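**Student:** Build me a model:
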Amino acid sequence: MAAPTRRHGAAPRARGGSRRRRLPLRLLLPVLVLVALMAMLMLRGYVHSEILADHRVQPPAATDKVPEKILEGGPVIDTRAGRTESMSVPDHKLVLTFDDGPDPTWTPKVLDVLKKHHAHAVFFVTGTMASRYPDLVQRMVDEGHEVGLHTFNHPDLSYQSQSRIDWELSQNQLALTGAAGIRTSLFRPPYSSFADAMDNKSWPVTEYIGSRGYLTVVNNTDSEDWKKPGVDEIIRRATPHGGEGAIVLMHDSGGDRHQTVRALDRFLPGLQEKGYEFDNLSEALDLPSAHSEVTGADLWKAKAWVFLVQASEKVTDALVVGLAVIGTLVIGRFGMMLLLSAAHARKVRRRNFAWGPPVTEPVSVLVPAYNEAKCIENTVRSLMSSDHPIEIVVVDDGSTDGTARIVEAMGLPNVRVVRQLNAGKPAALNRGLANASHDIVVMMDGDTVFEPSTVRELVQPFGDPKVGAVAGNAKVGNKDSLIGAWQHIEYVMGFNLDRRMYDVLGCMPTIPGAVGAFRRSALERVGGMSDDTLAEDTDVTMALHRDGWKVVYAENARAWTEAPETVQQLWSQRYRWSYGTMQAIWKHRRAVIDKGPSGRFGRVGLPFVSLFMVVAPLLAPLIDIFLLYGIIFGPTEKTIGAWLGVLALQAVCAAYAFRLDRERMTHLISLPLQQILYRQLMYVVLLQSWITALTGGRLRWQKLRRTGVVEAPGGIPAQRQRVMNEKQEPVR
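**Tutor:** Next up, the predicted model:
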């Protein structure tokens, strides 16, 4: 059928003579892509507080271990270098502080109001938000505001170990440095309040924070804007009494802050008229700036962190879009398959349905064969049982295992063997076409067996003179293994249900190589079988559409083929199919702008093929990635429910397809496992095909290893055939 693969050299041997097993590049690249996508998703979950977040809040505790001067002191607490001191803001000075930001919606509005009224403030940012919105942090620094730490993930630190506290501080500083190139010495604990609210749980944390070189800043005036009490109430609660200085707590993130922005726009000019100044903390206390510049490796490390977070945001957004696309494609495809396949079944199963006058004239059956010694006798004998008059042309494509001799030794009438040097399947089919005697040509693979009625059913659509090609019903013969059962589901549901849909739409993309028929004149008009692509069956089918021929599906023309039995063989086959399909789509891309039948196929058929056979399989693993993420970190019940919903829809389509093909439902037991494992294999294969296409690589034909176990119902027992094959002496 095609050229044998060449051995380019042995793998390097380790000491002792054993081969060192290396992960093939075709596996390594897709695996690396999957790992990278999962890493981006995990990073995104981390900076959105979905991973490693702790939302517990400590209830009030006793205060007997907190120094009295802290409980009665000011809102700025200094425990650095063993000190236990507190400071208060001087009279007629206000330090506005904003927690939990920066927020992309509300922080710019807050900054605009502060700038409008020439006021400075302190923003206690979380590492998660600073990593996601670094430009806003830079704007805070550029406009004279101070920035303090508010931890990375906003946990209650009284629940955390010292190592977790260090992690929260260092990650918060990393985000701040990456955003604005600075470090800060200001810190505000999450869930903090006034100094007199310090208790035996929070005080040790404050002491430890000081030992790390930070000033702890709480507040002594709380606007309680997070409660959204109204603009007037926010202003009333934020206003100190009797001209006292204060640190005012507000928020620029964590929800709808429109009341805060409106209150701020009235609060600032109102108190400025009363002689208040709005400074940052260092200005109000006449201290050195809390900011220090970061340079060198630490700065680049922080910049790299922010870059990765930004990348994870964009990648995750793209993944979410991809998930929406694949969800739409899956549901849309299943809906279309159910509706259109039902319409097709109703049409062809009507009692009075006929394609046209019965086709009774003889046809030529072409069997291209390369090293098919184990299968060829089963194939030829199944054809000899045909209830339609045929001639059989076996084209031996340079076989080295005696395939041609086996056929010749059978001595059957109406069977001819044509030998040629190995030139590939398209050349073998064209050679067979040149030697065919009849106007209708059936093509099949050398490892496939037909039922007695297959040829007759396959050629009846040619009663319609507009029909140029007919796709038969290819079925998996060796479906007893798990891989075989998965392919059986795929053939019945993914191929034959698809073909019914494409038949109704008039854009059948592929006549399967295992069982297809062509009008000879139609093939000659498009130049015969082309070797431009690795999917010559898809290529020629598209060419026929563009030439104005109808391509239809004959559900009763059943052929039994031997599907790959190992992952390696399945990989090789699907890689060739995927890459060949991409080549065919690219080859016929100009059909999109053509007129007439070619344009119709280009604007209907090519998009469907591209979406359902290329884009959808490539994006399908997103379902499993988000499933895994949702089970571990997200709303587990909703995630599992959504996945089970998609699986149920697939099961309905599969059951309907099996019912149409009159197949036993027991094989559908493996459907859930197929959706989890098989989809990943197809993804890796398709991704490898993309890489090959984008890098300009070339892929040779890869011959699958056959066992010869497949037979049509009522055919020769496989065990007897194996015994017969063993008696054949292979050609050396």
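**Student:** neighbouring contacts of stretch 131-148?
**Tutor:** 47, 97, 101-104, 107-108, 111, 114-115, 120-125, 130, 175-176, 178-180, 182, 184, 186-188, 217, 280-282, 289-291, 305-306, 309-310, 313 (C-beta atoms under 8 Å, 6 or more residues apart in numbering). For glycine as for every other residue, the C-beta is placed from the backbone atoms N, C-alpha and C.
**Student:** Report the buried members of those.
**Tutor:** Neighbour-count burial (16 or more other C-beta atoms under 10 Å) applied to the contacts of stretch 131-148 gives 47, 97, 101-103, 107-108, 111, 114, 120-125, 130, 175-176, 178-180, 182, 184, 186-188, 217, 280-282, 290-291, 305-306, 309-310, 313.
**Student:** Go through the contacts of stretch 131-148 and flag which are in helices.
**Tutor:** When those are checked against helices (DSSP state H), the matches are 47, 107-108, 111, 114-115, 130, 175-176, 178-180, 281-282, 305-306, 309-310, 313.
**Student:** show me what contacts the most far-flung residue of the chain relative to its centre?
**Tutor:** Distance from the centre of the chain peaks at residue 242, with 62.2 Å (C-alpha atoms, centre = their mean). With contact set as C-beta under 8 Å, 6+ apart, residue 242 has no partners.
**Student:** now swap in residue 194 and tell me
**Tutor:** 75, 218-220, 222.
**Student:** May I ask which of these has the most neighbours?
**Tutor:** When neighbours are counted by other C-beta atoms under 10 Å, residue 75 leads the contacts of residue 194 with 27 neighbours.
**Student:** and that residue, what does it touch?
**Tutor:** Here residue 75 is in contact with 86, 88-89, 194-195, 217-220, 247 (criterion: C-beta under 8 Å, 6+ apart).
**Student:** Including pLDDT, could the contacts of residue 194 go into JSON lines?
**Tutor:** Putting these into JSON lines (pLDDT from 0 to 100) gives the following:
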{"residue": "75", "pLDDT": "97"}
{"residue": "218", "pLDDT": "97"}
{"residue": "219", "pLDDT": "96"}
{"residue": "220", "pLDDT": "94"}
{"residue": "222", "pLDDT": "96"}
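**Student:** Out of those residues, which comes closest to residue 154?
**Tutor:** Taking C-beta to C-beta as the measure, residue 154 lies nearest residue 218 of the contacts of residue 194, at 15.7 Å.
**Student:** From residue 252, how far off is the nearest residue to residue 288 once chain neighbours are set aside?
**Tutor:** Spatial nearest neighbour of residue 288, chain neighbours left out: residue 282 (6.6 Å); criterion: C-beta to C-beta, 6 or more residues apart in numbering. Applying C-beta to C-beta, to the nearest Å, the value for residue 282 to residue 252 is 20 Å.
**Student:** now residue 103
**Tutor:** Counting by C-beta to C-beta, the gap from residue 103 to residue 252 is 6 Å.
**Student:** what's the longest strand in the protein?
**Tutor:** Taking DSSP state E as the criterion, the chain has its longest strand at strand 550-561.
**Student:** where are the low-confidence patches of the stretch 51-200 of the chain?
**Tutor:** Under the criterion pLDDT under 70, no range of the stretch 51-200 of the chain is flagged.
**Student:** Show me where it has its strands.
**Tutor:** 76-78, 85-87, 93-99, 121-125, 146-149, 182-184, 186-187 (DSSP state E, counting those that start in this stretch).
**Student:** residues making contact with the last one?
**Tutor:** The one in question is strand 186-187. With contact meaning C-beta under 8 Å, 6+ apart, strand 186-187 is reached by 122, 124, 146-150, 169, 209, 214-217, 281, 290.
**Student:** Spatially, which two of the residues you listed are the most separated?
**Tutor:** Spatial extent of those (C-beta to C-beta) is set by the pair 169 and 281 at 18.1 Å.
**Student:** Who does the spatially closest residue to residue 77 that is not a sequence neighbour form a beta bridge with?
**Tutor:** The shortest distance from residue 77 to any non-neighbouring residue, by C-beta to C-beta, 6+ apart, is to residue 216 (4.3 Å). Under the criterion DSSP bridges, residue 216 forms beta bridges with residue 77, residue 187.
**Student:** picking that back up, would you confirm that the residue nearest to residue 288 contacts residue 215?
**Tutor:** No - with contact defined as C-beta atoms under 8 Å, residue 282 does not count as touching residue 215 (9.9 Å).
**Student:** what touches both of the two?
**Tutor:** residue 290.
**Student:** now the angle between strand 550-561 and the helix or strand hosting residue 651, please.
**Tutor:** Assessed by DSSP states H and E, residue 651 sits inside helix 636-660. Here helix 636-660 runs at an angle of 90 degrees relative to strand 550-561 (axes from the mean of the first three to the mean of the last three C-alpha atoms, to 10 degrees).
**Student:** Buried residues, helix 636-660. List them.
**Tutor:** Residues 639, 642-643, 646, 650-651, 653-654, 656-658, 660 are the ones in helix 636-660 that count as buried (16+ other C-beta under 10 Å).
**Student:** Determine the set of other helices and strands touching it.
**Tutor:** helix 296-348, helix 621-633, helix 671-673 (3 or more C-beta pairs under 8 Å, 6 or more residues apart in numbering; DSSP states H and E).
**Student:** repeat that for 10 Å
**Tutor:** Secondary-structure packing of helix 636-660 (3 or more C-beta pairs under 10 Å, 6 or more residues apart in numbering; DSSP states H and E): helix 296-348, helix 482-489, helix 498-505, helix 621-633, helix 671-673.
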